[in-house]
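S.K.: Here is my input, please return the structure:
(one chain, ligands or ions: 1)
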Amino acid sequence: MHVLSAHQFDIEEMTSIFNQADHYRKLLLTAEGRRTLAQTHLGEQICSTFYEASTRTKASFEIAAMKLGMGVFETENAGEFSSVSKGETIEDSVRILSGYGVSAIVIRSKEEGVAARAAAASPIPILNAGDGKGEHPTQSLLDAYTIKREFGRLNNLKIVMGGDLKHGRTVRSLSQVLAKYKGNHITYVSIPELQISDDIKAILKKSHTTFTETADMHAALANADVVYWTRLQRERLTKVEQKSLPKDGFILDKNALKSMSKHAIIMHPLPRVDEIAVEVDDDPRARYFEQAENGLHVRMALLDRAVMSASA
Ligand code: CP
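M.R.: This is a model prediction of the structure:
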């Protein structure tokens, strides 16, 4: 019933979510389709509680709910403007919110494990909208959906993930999704201090998904179908990690694009800071804005399933 980790989805369920997202995408194209969709969950409501900043995840979840006819109660900056700021626990908060008859609670937290704690206390579905440096499962589904739309498959792909892989929750979740499909190879590009964590490597090994780690960005790019770039998560760095950062980060710019093949695509969960130069936006391989748009359709599918499971 809850969406807590990318690990929980099998291929069959992901395929069904992607098909449902395709269906919503088509319906949203016409006024008649939009009216039909708006009747889907009339009379239902969700809570959208964000204890950490968000543009895409918050907006797309809330608009997805509205497109399906649901009402939305939202708490922006919930860490400051909810009673959590007075010391209330997340467990008490979700008990109260679920008592108001909503169908699902979307939660983003600064700390890893908060979504799981909320789920343990909640009689209605909890959707993890980003959990500290732990996981961002709904992002990984929209990422996978974007790749599937491009290549028509999610297996036998060469994926390069670059940036702050230690603190980035999107790469952690996407790695787990890709590990479900056979024949993928992941190349992680970062400095040793910010490489992907051992728990993700263990999941990859268990599923026989091959991977390499490197700091040679150009060599990695040359061999990629998908280039998934991420920002430095400055808000999560320790003082020691901040001191160890090299002066030159891994920047995707026009020069770096020369290393990539023509068929490759460039993705980024966004927000970007300076790790993808604005000049890359006009490159025909850039997909990060479409990727963000895909979040609406995937989150509509996830909310529909959550509401259906809450009413079952
Ligand atoms: N990709 C992502 O989670 O973006 P936001 O932080 O803006 O929601």
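S.K.: what residues does the protein put near the ligand?
M.R.: Taking C-beta under 6 Å from any ligand atom as the contact definition, the chain meets the ligand at 54-58, 130, 136, 139, 269-271. The C-beta positions use only the backbone N, C-alpha and C, and glycine is treated the same way.
S.K.: Mark which of the residues you listed are buried, thanks.
M.R.: 54, 56-58, 130, 136, 139, 269-270 (16 or more other C-beta atoms under 10 Å).
S.K.: any idea which element the residue most central in space within the chain lies in?
M.R.: In the chain, the residue lying closest to the centroid (C-alpha atoms, centre = their mean) is residue 139, at 1.5 Å. Using DSSP states H and E, residue 139 falls within helix 137-151.
S.K.: how far is that helix from where the chain is centred?
M.R.: Relative to its chain's centre, helix 137-151 lies at 9 Å (C-alpha atoms, centre = their mean, to the nearest Å).
S.K.: Give the partner strands of the following helix or strand past that helix in its sheet and their orientations.
M.R.: Following helix 137-151 in sequence order, the next helix or strand is strand 158-162 (DSSP H and E). Next to strand 158-162 in the sheet, as set by DSSP bridges, lie strand 185-189 (parallel), strand 226-229 (parallel).
S.K.: In the first one, which residues are buried?
M.R.: Using 16+ other C-beta under 10 Å as the test for burial, strand 185-189 gives 185-189.
S.K.: mind checking how far stretch 246-253 is from the chain centre?
M.R.: On the basis of C-alpha atoms, centre = their mean, stretch 246-253 sits 23 Å off its chain's mean C-alpha point.
S.K.: got the buried residues for it?
M.R.: Across stretch 246-253, burial judged by 16+ other C-beta under 10 Å covers 249-250, 252.
S.K.: Repeat that for stretch 181-200.
M.R.: Burial within stretch 181-200, assessed by neighbour count using 16+ other C-beta under 10 Å, is assigned to 181, 184-191, 194-196, 200.
S.K.: likewise stretch 271-282?
M.R.: For stretch 271-282, a neighbour-count test (16+ other C-beta under 10 Å) marks 272, 275-277, 280 as buried.
S.K.: Straight-line length of it, end to end?
M.R.: From its first residue to its last, stretch 271-282 covers 17 Å (C-alpha to C-alpha, to the nearest Å).
S.K.: contact partners of it?
M.R.: 55, 163, 229-232, 249-254, 257, 266, 268, 286, 288-289 (C-beta atoms under 8 Å, 6 or more residues apart in numbering).
S.K.: try 6 Å this time
M.R.: The contact list for stretch 271-282 (C-beta atoms under 6 Å, 6 or more residues apart in numbering) reads 163, 229, 231, 251-254, 268, 286.
S.K.: Using a markdown table, lay out those together with secondary structure.
M.R.: Formatted as a markdown table, the contacts of stretch 271-282 follow (DSSP: H, G, I helix; E, B strand; the rest coil):
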| residue | secondary structure |
| --- | --- |
| 163 | coil |
| 229 | strand |
| 231 | coil |
| 251 | coil |
| 252 | strand |
| 253 | coil |
| 254 | helix |
| 268 | coil |
| 286 | strand |
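S.K.: Excluding residues flanking it in the chain, which one is nearest the residue nearest to the centre of the chain?
M.R.: Using C-beta to C-beta, 6 or more residues apart in numbering and skipping residues adjacent in sequence, the residue nearest residue 139 is residue 170, 4.9 Å away.
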